[in-house]
Structures are given as C-alpha cells and as structure tokens.
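J.: Would you be able to build a 3D model of this:
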Amino acid sequence: MKNIKLSSILINRLIGLLIATIYVQGAIAHDFEVDGICYNINSDGNTVTVTYYGSSFVESMFYYSGNVYISSPVQYGGKSYNVTAIGNDAFQMCNMVTGISLPSSIVTIGNNAFKGCSITSFELPKSVTSLGNDILNGCKSLESIIVDNQNTVFDSRFNCNAIIETSTNKLIAGCKNTTIPNNVTEIGRYAFIGQDIKYIEIPNSVLTIGENAFSGCQLLDSICIPDATTFIGASAFYYCKAMKKLTIGKSVMNIGQGAFSYCSGLQVVYARMPDPREINCDVNCFAYSSIYNVTLYAPYGSRYIYEVIDPWRSFSPILQYADVPGDVNDDGYTTAADITEIYDYLIVGGNYTHYYRMDVNGDHSITAADITAIYNILLGSD
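T.: Modelled structure (predicted):
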C-alpha cells in the first residue's frame, strides 16, 4: 500500500506540472500590438521594447514575416511611446523575415534578437549603444552590414560589412561579404557562425578568435590563423567540413575544445608553433576530423615533439617544413624540382602532399602563375 500511495502522489504532482505548463504556454507576454508588432511597456511607463508574440519566441517563429518595419513613436490607448529596444529573442528563428528596418530611437538590441532570420542586409542606427550576444547568429542570407557613421559605440570601418565595437576593436558580427580590417584585435563569439563563406583573410592584428566564431561555415575552403593570434576558442571552426587546408600561427597558446572538430575535409595542417608542449590544447580539438589521414607539417626540428604529444601524434604522416620562399616540395631549397611539383599537380592532379605550399604567389589558387612566381624567385626578381 505504501508504494501505491507514493505513486499516487507522484502522479498528482505530474498532473499539476502539466496543467501549469499548459497555462504558461497559453499566456501572452506582450502588453500590446500595433501594426503586427508586439511591444512591452518599459518600467519608465513612457517607452517600449519590441518583443516576440506569445509566451516565448517559439510561438513567434511564424508570426513575423516579410519586411518588418518598426516605427517610433507608436500610439496605443491614447498614449505615445518611444521604441527604445529590441528585446531578447524578439525575432529569433523567424526565418520568414526577409528585412528589418529599425528606427533611430533604438538604444538597445537584446540577445538573439534576429538570430536565424532570412535578412539580406542589416543597418545599425546611430542611436544603438548596447548589443546583446549573437544578434545576427545564423543569418545565412546576410550580405551587407552597415553601421551608421554617426554611431559612437560601433562602426563598420572601411565598408567592411561587419559590426565592430569601436573602443575594443572587437568584431561582433560579420557576414559572407565581410572583409576583416587589419586593426581588428578580436573576432567575437558566434561572429560568423553558419555564414556561407568560401574564403576569408584573418589579419595579423587579430589576437583572439572567440568560441564558435566560424562554426558551421560549411563552404570555407581554407583558413590561415596568423602568427599574432594567441587564443582560439572552443568550437571556433566546428563543422567547417569543406576546409582542406589549415595553418595555425606560431604564437597560438590556447586551442579550445572542439575548435576544429568535424572538419572532415581536412587534408593538410600547417602547425607553426615551435613547441606544442607549451600550448593549452584540448585533446578533442580535432575530434571527428579523421586526422589519422591528414598530413601535419611541423616546424623544422620539432617533429619528434609533435609525434608524442596529443592530439598532434594522431596525424599521419607528420612531416616538417622549412620557411624557404618557393620551396614547394619542402626540401629546404627552391629549385626546378618545385616547378615540377606544381606542373605535375596541374597536369596530372590528385597529389595534395604539398598542396599548402603550392600557392606561391598568395592569390589563394594554384595556377601557372605560381610557376612564374618560382621562376622570379630563382632569377632573383622577387
């Protein structure tokens, strides 16, 4: 009988929890609605925040669609309210939203505000002084980002198609057409997550790459982490499955968990760090990237260290390189044999052993121009 009584109590509690859940999900969180936009009245009683429809953003996923135009002020109940904020999750996962127009009264944009929307362009007004996390996370269609040039907190310097925090030089959000300026010192968390980027150059000014910064960039063909970079966050390049070539700069001191996991297309990793024992490197940073079939190039004289340190010892084969311009075949010299290496690759194809070194002229492609570049090196004209 005691067991039956306990079971009855448990059932009653579950029923109560279910009723409470249904009640909460049926609640309406916004205070009023005008022209299809939901608002909450702020504590000052005179301003409002744009919010999602219903009790959570999940209910709002199919509520907002098309080009969303937010005007300010708005009239409700005989009173005028200035629109000063876009709330947390306001348009999150509203993938039918193709455009957003914000008024110049907006001061704050909350976490995940436009996450997963199908917008192609985004303009940040001059009035915005506070941005939450991941506001444009997963906006794969995004092609253009513009910050009003009178904004004193954020900028999109040099028409870079990104949002940069001016005082810290931190890139907060980018898109497929972003060019990272050479005075940016940090790429923020989730800055490029899920973007259809095929190639992007990270300048040598970047010291930190935040967690999930390029996660899910499935078209990214290669990446070169510069020598000045010291920190690569967790899952920074997670699931960049098309990435064939990876160069890790010599100053990197931290590689987070899963930083290069599920990069199944990897063929060559060029590690410039002289001593991997000095690096705080998560053992799972290359998880599910099949590195036992990936060539690792280590600095000359340090291969024996890489061969005994996780996760580097799992690469196969492990070779070493010498920094000699035009030395394609990695024998420490620039000779006609390097020209033959590129010629054979272009004519016969299929040999990726020294693929990372074949781009001699630095144009991110392997063509006859790279052979010409070696000729110039041999002739002393380059």
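J.: any weak-confidence spans in this protein?
T.: Scanning the chain for pLDDT under 70 picks out 1-28, 322-323, 350-356, 381-382.
J.: Tell me which residues touch residue 155, please.
T.: Applying CB atoms under 8 Å, 6 or more residues apart in numbering to residue 155 gives the contacts 147, 149, 163, 164, 166. Every residue, glycine included, has its C-beta placed from N, CA and C.
J.: Compile those residues into TSV and extend it with columns for distance to residue 82 and neighbour count.
T.: TSV is the format used below for the contacts of residue 155 (distance: CB to CB, whole Å; neighbours: other CB atoms under 10 Å):
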residue	distance to residue 82	neighbour count
147	21	22
149	23	9
163	23	27
164	27	26
166	25	13
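J.: Kindly indicate which of these lies nearest residue 327.
T.: Lowest distance from residue 327 to those (CB to CB) belongs to residue 164, with 37.3 Å.
J.: Bridged to the closest one, which residues?
T.: residue 155, residue 171 (DSSP bridges).
J.: residue contacts, it?
T.: Counting by CB under 8 Å, 6+ apart, residue 164 has contacts 147, 154, 155, 156, 157, 170, 171, 172, 181, 184.
J.: so what's the closest residue to the fifth one other than its chain neighbours up against?
T.: Just to be clear, that refers to residue 157. Residue nearest to residue 157 in three dimensions, not counting chain neighbours: residue 181, with 5.5 Å by CB to CB, 6 or more residues apart in numbering. The neighbours of residue 181, taking CB under 8 Å, 6+ apart as the test, are 157, 158, 160, 164, 203.
J.: If you rank the residues you listed by neighbours, which is first?
T.: residue 164 (26 neighbours; other CB atoms under 10 Å).
J.: For that one, give its distance to residue 215.
T.: Per CB to CB, to the nearest Å, residue 164 is found 20 Å from residue 215.
J.: part of a helix, is residue 296?
T.: No: the assignment for residue 296 (DSSP: H, G, I helix; E, B strand; the rest coil) gives strand, which keeps it out of a helix.
J.: where's it relative to residue 321, distance?
T.: Counting by CB to CB, the gap from residue 296 to residue 321 is 10 Å.
J.: Tell me which of these two has more neighbours.
T.: Higher neighbour count among residue 296 and residue 321: residue 296, with 24 against 19, using other CB under 10 Å.
J.: Would you mind naming the residues that bridge with that one?
T.: Under the criterion used (DSSP bridges), residue 296 bridges to residue 269, residue 318.
J.: With residue 48 instead?
T.: Counting by DSSP bridges, residue 48 forms beta bridges with residue 41, residue 83.
J.: Would you map the helices across the stretch 1-150 of the chain?
T.: 2-25, 57-60 (DSSP state H, counting those that start in this stretch).
J.: Run through the helices of the stretch 201-350 of the chain in chain order.
T.: Counting by DSSP H, counting those that start in this stretch, the stretch 201-350 of the chain has helices at residues 303-306, 336-347.
J.: Kindly check the end-to-end length of stretch 98-110 for me.
T.: In stretch 98-110, first residue to last residue: 19 Å (CA to CA, to the nearest Å).
J.: chain center to that stretch, what's the gap?
T.: Averaging C-alpha positions (CA atoms, centre = their mean, to the nearest Å) puts stretch 98-110 22 Å from its chain's average.
J.: Same question for stretch 289-301.
T.: With CA atoms, centre = their mean, you get 24 Å for stretch 289-301.
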